[in-house]
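K.L.:
Here you go, sequence then predicted model.
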Amino acid sequence: METKYIDIEQLGKVSFTINERSGRIRLSVKPDGEIVVSMPPSAPYRDAIRFVESKADWILKQQAKIRKGLTLFAPESCFKTRFHQLAITKGNTDKVYNRVGNGIIQIFIPERVNHEQPKVQEFIKNTLVDVMRWEAKAYLPKRLKELADKHGFKFENVSIKNASTRWGSCSSVNNINLNLHLMRVPEHLIDYVLVHELVHTVVKNHGEKFWMLLEQCYPNARKADKEMNNYRTQTF
């Protein structure tokens, strides 16, 4: 079986696998939210892509259902960003509040309050997004510039976003968008995403020229690309 990954507008990366036993194009959304397409050898990729695009609303609904049950933050939760670690404490307090500093995202919850309550979970999630946005703005533009200078790329502006499907993107005029959720993936994969988008300032598609240039700048790029499949742009 041959597998190919293609970026589709609104949906992000989609896995297309040619399967000798497939009689028609089949679409599924895996438990981790990954979009998977199985297609017969005779089916053109353009037809498979059109099929996926026609099912975009259904796919997004399925992914939304999955996200609802992805993460429940509790006192025993282990959640780390690039520069901080989450700590949830229940105790003698009359309200839910946070304190961020010294590498700790501290969440305080009254003893009598169930931490599973939607309002409490939403407070924790909003706190984490705020911290990751701050980290991303402090780290990613600087690191992007370092990698651009190292490999001889030029870009225009860089923006940090809380995107739901993409780790990064590069516009036709070389403005680069980066996902704040990069702050919870390993450093070498952050670099992979940054170099990936920098290569798009030169090659605007994912053809052979793109991968050749990417491999020159980031050896074992295809391995890193597959490793990124272990992470989701949204865990909550």
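P.N.:
Received, thanks. Numbering: from 1, shown residues only.
K.L.:
ok, for Lys95, nearest residue in space, not its chain neighbours?
P.N.:
Pro110 (6.8 Å; C-beta to C-beta, 6 or more residues apart in numbering). The way it works is simple: take the backbone N, C-alpha and C, and place the C-beta from them, glycine included.
K.L.:
Quick check: which helices or strands does the helix or strand bottoming out on mean pLDDT in the chain pack against?
P.N.:
Ranking every helix and strand in the chain by mean pLDDT, DSSP states H and E puts helix 56-68 at the bottom, with a mean of 79. Applying 3 or more C-beta pairs under 8 Å, 6 or more residues apart in numbering; DSSP states H and E, we find helix 56-68 packed against strand 26-29.
K.L.:
how about the helices in the protein?
P.N.:
Residue ranges of the helices in the chain, as given by DSSP state H, are 45-54, 56-68, 118-151, 187-199, 208-217, 221-227.
K.L.:
want to throw those helices into CSV with mean neighbour count?
P.N.:
Shown next, in CSV, are the helices of the chain (neighbours: other C-beta atoms under 10 Å):
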stretch, mean neighbour count
helix 45-54, 14
helix 56-68, 14
helix 118-151, 16
helix 187-199, 21
helix 208-217, 15
helix 221-227, 15
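K.L.:
Turn those helices into JSON lines, including distance to Val14.
P.N.:
Below are these laid out as JSON lines (distance: least, C-beta to C-beta, whole Å):
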{"stretch": "helix 45-54", "distance to Val14": "6"}
{"stretch": "helix 56-68", "distance to Val14": "9"}
{"stretch": "helix 118-151", "distance to Val14": "25"}
{"stretch": "helix 187-199", "distance to Val14": "16"}
{"stretch": "helix 208-217", "distance to Val14": "17"}
{"stretch": "helix 221-227", "distance to Val14": "13"}
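K.L.:
Spit out the contact partners of the residue nearest to the spatial centre of the chain.
P.N.:
Centroid-nearest residue in the chain: Thr233, 2.4 Å away (criterion: C-alpha atoms, centre = their mean). Neighbouring residues of Thr233 by C-beta atoms under 8 Å, 6 or more residues apart in numbering: Gly12, Ala163, Ser164, Thr165, Arg166, Trp167, Asn179, His181.
K.L.:
out of the residues you listed, who's nearest Lys61?
P.N.:
Using C-beta to C-beta, Ser164 comes nearest to Lys61 of the contacts of Thr233, at 12.8 Å.
K.L.:
Can you report how many residues neighbour the closest residue to that closest one other than its chain neighbours?
P.N.:
Leaving aside its sequence neighbours, Ser164 sits nearest to Gln234 (C-beta to C-beta, 6+ apart; 5.5 Å). Per other C-beta atoms under 10 Å, the neighbour tally for Gln234 reads 17.
K.L.:
how much space between Gln234 and His181?
P.N.:
Noted for Gln234: a distance of 7 Å to His181, by C-beta to C-beta, to the nearest Å.
K.L.:
From the geometric centre of this protein, which residue sits farthest away?
P.N.:
Asn92 (36.9 Å).
K.L.:
Quickly, which of the helices of the chain bottoms out on average pLDDT?
P.N.:
Note on those: helix 56-68 shows the lowest mean pLDDT, a mean of 79.
K.L.:
relative to helix 45-54, how tilted is it?
P.N.:
Per axes from the mean of the first three to the mean of the last three C-alpha atoms, to 10 degrees, the angle that helix 56-68 makes with helix 45-54 is 60 degrees.
K.L.:
picking that back up, can you turn the buried part of the contacts of Thr233 into a ChimeraX selection?
P.N.:
Typed into ChimeraX, the next command selects the buried ones out of the contacts of Thr233 (criterion: 16 or more other C-beta atoms under 10 Å):
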select :12,163,164,165,166,167,179,181
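K.L.:
Let me know the closest of the contacts of Thr233 to Leu213.
P.N.:
When the contacts of Thr233 are compared against Leu213 (criterion: C-beta to C-beta), the nearest one is Trp167, at 18.6 Å.
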